[in-house]
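In: predicted model follows, preceded by the sequence.
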Number of protein chains: 4
Amino acid sequence: MAVRSEASRKAVLQATMELLNDTPPGPVSLQKLSIEGIAKHAGVSKMTIYRWWPSKTAVVIDSFLDNHVAQTPIHDEGPAIDALRAHLASLARVYSGPEGRLIAQLIAECQHDPATLEEFKQRFWKGRADAARLLIERAVAEGAVRDDIDPDVVAEMLYAPIYFRLLFQTGDLDEEATDAMVDAALKGIGR
Amino acid sequence: MAVRSEASRKAVLQATMELLNDTPPGPVSLQKLSIEGIAKHAGVSKMTIYRWWPSKTAVVIDSFLDNHVAQTPIHDEGPAIDALRAHLASLARVYSGPEGRLIAQLIAECQHDPATLEEFKQRFWKGRADAARLLIERAVAEGAVRDDIDPDVVAEMLYAPIYFRLLFQTGDLDEEATDAMVDAALKGIGR
Amino acid sequence: MAVRSEASRKAVLQATMELLNDTPPGPVSLQKLSIEGIAKHAGVSKMTIYRWWPSKTAVVIDSFLDNHVAQTPIHDEGPAIDALRAHLASLARVYSGPEGRLIAQLIAECQHDPATLEEFKQRFWKGRADAARLLIERAVAEGAVRDDIDPDVVAEMLYAPIYFRLLFQTGDLDEEATDAMVDAALKGIGR
Amino acid sequence: MAVRSEASRKAVLQATMELLNDTPPGPVSLQKLSIEGIAKHAGVSKMTIYRWWPSKTAVVIDSFLDNHVAQTPIHDEGPAIDALRAHLASLARVYSGPEGRLIAQLIAECQHDPATLEEFKQRFWKGRADAARLLIERAVAEGAVRDDIDPDVVAEMLYAPIYFRLLFQTGDLDEEATDAMVDAALKGIGR
DNA sequence: CGATAAACGAGACGGTACGTCTGGTCTTGTG
DNA sequence: CACAAGACCAGACGTACCGTCTCGTTTATCG
């Protein structure tokens, strides 16, 4: 008996979002977000957070990711290639704003904790990877994409440059950029 | 007068490397490396470190990056495409070991400090990007690569998937993988 | 309307005694005894303890004191002075063991809660003080003790040094010591 | 090098005194005094306190005891017995106020830490015990006190009742009371 | 050759946050 | 409806580092 308090859970998730969104001056910073701060802002005991989440990053994932994934859906209408283009463009749009910095920092946090990386991939990546694979297979069926390349490699070719730019900030992230990437990937760089 | 002590500088860099390499049990962790720890291990005052480096990450970059870049050189013999393949393969080899984890964590650290990211890009990325651009231009001249695609986009297509796998750990990083990526990029995924 | 559970009450008292007696290595420690621990060991809810006892110390008093008082009875046979000597010696014997440390810590706990001190005095001190007063009055009647001193002062002169040594650990607590104290008190220190 | 900051030391000691004296509503409470609280009130880092004092009690002893000992000096003029009476009366006076409660709680704290008890005895007890012994020996020489009783036992007879009343609160602590104790001790209770 | 000024080791300092713990209250469901 | 179970808020614990700041003490030019 004695059961998890839904009120506390929500207070924590909401406080986390608020701290991430409202607090600047500087841009969002996952690093200066502290469990102590979340607890205080949420009016919740630290113990309650430690009891239910293994790490600060886990709290952020819970607070943020589902919401984020919903913001960049993969639609299924029209030619598969167009759906892919649209999805990549929506990713680029979101990633070029403050949410992009947050995602980047989330990926950063995962680099020193394999368990968190795993959860991140499950929550953030898996659903989209599956959808993308279906889309790619449909693109193959539609005759837009070659059938002699591993769909995972195809997905990587399309998505990797976006995360590359997100993390290294080596170029703009907008629809123009993603379209150029898709064009190049489609026709190939070889002669 | 009084001039920077070379002995201290070396002691710091070496202590950093030792702490990064020797201390596990667990894998390398940039996160639990502390300036306090480096100072103690190097027999150096904290002030000395703060005087000469702006951040822990800067110390690590100094300790490690040149050495690393030297380990994955870009050679210039033979067909440009083969040189690129070789370089990508050598990157993959190094990144699949503990040094890869360290690079990943270095990239992670850069996500909450633009200045450090800039330095990282200068020291880590720039030389190679320039070399890669030359190589790509040579590949174009050799007729192996199309001339109607921005060489920077070409570079991104070739390199991004490697960092993607390094950071997300979604697949092996070996010569087989990089070759498959290059093949796909060359011939394109479109039909 | 539902009545206090005798089973719970006993379980609490017994668990308390067991924790106080069994748990060392170190000597008995009232301080590391916690209500949480008692509840767990007794298979009882914390609430049940809080409902029926005002403090940890109260539980200990209930668990322990009657038992202890019974261990150091005041007998009434023979000359009153001899009965007093015997009682003081029995106190010294008990107080030089682990039970003595526990009593000392109980006295300590009482120093930040007047209500508990009051209860402690009622349960621990009152009966004995009354008996001692009777004995002293008998000793006066027997001609062994002067009749021009307040019996409470006499009692204090005899008992205080024992508690002094118990708390300050400034000397042995044995029959020899108590006898010397009684001798000195009887004949006086003045010339 | 790097030397202890006298300012911090004083800030800690003074903050401790202030918290002990000023803050109630309730009476002084050593128990709810926390190192965290002292640090905050003193504008000092917790580490600074942990660096220089082994425990909360040690801070209190440092803050308070010397001052207290100075308040209840043993003077050396006139007949030794009168000096003893005066000292006991001054103890009684101080102990019947809030400082008495604090001393009582300090004694209480010592009951679960032998090392602290030892320090307490050194700082609080030793000087006075030595002085009292000299006084008693002078009283013997002056012919006021018998020479066939161990001076330590004499000291105990005189001091123990005061601490007894301090801790058990079984009677007033004033000059009248201490005089009565001394009278009784001098002439003895035996007939 | 000193003088002198910077760089140095040592480490104390005010802070922030960590992750753990306990105390006392509140909540939920069972017997 | 008293109880067990245990979640909850509160906040202290002791630790680890942070980045800043003296301290004396080298050291290496330069007057």
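Out: Thanks, I have the structure now.

In: mind checking how far A:Gly97 is from A:His68?
Out: Using Cβ to Cβ, to the nearest Å, we find A:Gly97 at a distance of 11 Å from A:His68. The C-beta positions use only the backbone N, C-alpha and C, and glycine is treated the same way.

In: can you check A:Glu176 too?
Out: To A:His68, A:Glu176 is 23 Å away according to Cβ to Cβ.

In: so between those two, which is more surrounded?
Out: Neighbour comparison, A:Glu176 and A:His68: the larger count goes to A:His68, with 17 against 11 (by other Cβ atoms under 10 Å in any protein chain shown).

In: look up the closest residue to A:Leu88, ignoring the ones flanking it.
Out: Leaving aside its chain neighbours, A:Leu88 sits nearest to A:Thr178 (4.2 Å; criterion: Cβ to Cβ, 6 or more residues apart in numbering or on different chains).

In: contacting residues for the single nearest residue of chain A relative to chain B?
Out: The minimum distance from chain A to chain B, using Cβ to the nearest Cβ, falls at A:Gly188 (2.3 Å). Residues counted as contacts of A:Gly188 (Cβ atoms under 8 Å, 6 or more residues apart in numbering or on different chains) are B:146, B:185-190.

In: give me the most central residue, chain A.
Out: Nearest to the geometric centre of chain A sits A:Phe124, at 5.2 Å (Cα atoms, centre = their mean).

In: what's the closest non-adjacent residue to that one?
Out: In this structure, A:Phe124 finds its nearest non-sequential neighbour in A:Leu65, 5.5 Å apart by Cβ to Cβ, 6+ apart.

In: could you see whether DNA strand F lies near the host helix or strand of that neighbour?
Out: Take DSSP states H and E as the rule and A:Leu65 turns out to sit in helix A:56-71. No: contact of helix A:56-71 with DNA strand F (Cβ under 7 Å from any atom of the strand) is absent, the minimum separation being 13.5 Å.

In: close to DNA strand E, is that helix?
Out: Yes: judged by Cβ under 7 Å from any atom of the strand, helix A:56-71 comes into contact with DNA strand E through A:Lys56.

In: list the contacts of that helix.
Out: With Cβ under 8 Å, 6+ apart as the test, helix A:56-71 has contacts from A:12-14, A:16-17, A:20, A:30, A:33-35, A:38, A:49, A:53, A:90, A:94, A:99, A:102-103, A:106, A:109-110, A:113, A:116, A:119-120, A:123-124, A:127-128.

In: return the list of helices and strands in contact with the next helix or strand after that helix.
Out: Reading on from helix A:56-71 to the C-terminus, the next helix or strand found by DSSP H and E is helix A:80-95. Here helix A:80-95 touches helix A:56-71, helix A:127-141, helix A:151-168, helix A:175-187, going by 3 or more Cβ pairs under 8 Å, 6 or more residues apart in numbering or on different chains; DSSP states H and E.

In: compute the inter-axis angle for helix A:80-95 and helix A:56-71.
Out: For helix A:80-95 against helix A:56-71, the angle by axes from the mean of the first three to the mean of the last three Cα atoms, to 10 degrees is 130 degrees.

In: so helix A:80-95 versus helix A:175-187, what angle?
Out: Taking the same axes, to 10 degrees, one finds helix A:80-95 and helix A:175-187 inclined to each other by 140 degrees.

In: buried residues in helix A:80-95?
Out: Buried residues in helix A:80-95, counted by 16 or more other Cβ atoms under 10 Å in any protein chain shown: A:80-81, A:83-95.

In: A:Pro151 and A:Arg138 touch, don't they?
Out: No: judged on Cβ atoms under 8 Å, A:Pro151 makes no contact with A:Arg138 at a distance of 10.5 Å.

In: before we move on, back to that, could I get the pLDDT score of the residue nearest to A:Phe124?
Out: A:Leu65 is assigned 82 on the pLDDT scale.

In: from B:Thr170, how far off is it?
Out: Counting by Cβ to Cβ, the gap from A:Leu65 to B:Thr170 is 17 Å.

In: with only the CA atoms kept, save the helix or strand bottoming out on mean pLDDT in chain A in PDB.
Out: Every helix and strand of chain A was ranked by mean pLDDT, DSSP states H and E. The lowest is helix A:56-71, at a mean of 88. Extracted as PDB, the C-alpha positions of helix A:56-71 are listed here (Å, rounded to 0.1, in the frame of the first residue of the first chain):
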ATOM      1  CA  LYS A  56      18.500  14.400 -13.300                       C
ATOM      2  CA  THR A  57      18.600  13.400 -16.900                       C
ATOM      3  CA  ALA A  58      15.900  10.800 -16.400                       C
ATOM      4  CA  VAL A  59      13.700  13.600 -14.900                       C
ATOM      5  CA  VAL A  60      14.300  15.700 -18.000                       C
ATOM      6  CA  ILE A  61      13.600  12.900 -20.300                       C
ATOM      7  CA  ASP A  62      10.300  12.300 -18.500                       C
ATOM      8  CA  SER A  63       9.500  16.000 -18.500                       C
ATOM      9  CA  PHE A  64      10.300  16.700 -22.000                       C
ATOM     10  CA  LEU A  65      10.800  14.000 -24.500                       C
ATOM     11  CA  ASP A  66       7.300  12.700 -25.100                       C
ATOM     12  CA  ASN A  67       6.200  16.300 -25.600                       C
ATOM     13  CA  HIS A  68       9.100  16.800 -28.000                       C
ATOM     14  CA  VAL A  69       8.500  13.700 -30.000                       C
ATOM     15  CA  ALA A  70       4.900  14.700 -30.500                       C
ATOM     16  CA  GLN A  71       6.100  18.000 -31.900                       C
END
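
In: got the buried residues for that helix?
Out: Residues A:56-65, A:68-69 are the ones in helix A:56-71 that count as buried (16+ other Cβ under 10 Å).

In: how far off centre is that helix?
Out: Between the centre of helix A:56-71 and the centre of its chain there are 9 Å (Cα atoms, centre = their mean, to the nearest Å).

In: before we move on, what about stretch A:94-106?
Out: The chain centre lies 8 Å from the centre of stretch A:94-106; the measure is Cα atoms, centre = their mean.

In: buried set for stretch A:9-20?
Out: Buried positions in stretch A:9-20, judged by neighbour count with 16+ other Cβ under 10 Å: A:9, A:11-13, A:15-16, A:19-20.

In: and which of these is nearest C:Gly43?
Out: Of all these, C:Gly43 sits closest to A:Arg9, with 30.0 Å by Cβ to Cβ.

In: skip the chain neighbours and tell me the closest residue to the closest one.
Out: Leaving aside its sequence neighbours, A:Arg9 sits nearest to A:Trp52 (Cβ to Cβ, 6+ apart; 7.1 Å).

In: quick one: contacts of stretch A:85-98?
Out: When contacts are defined by Cβ under 8 Å, 6+ apart, stretch A:85-98 is touched by residues A:21, A:27-28, A:68, A:71-75, A:100, A:103, A:132, A:158-159, A:162, A:166, A:172-175, A:177-179, A:181-182.
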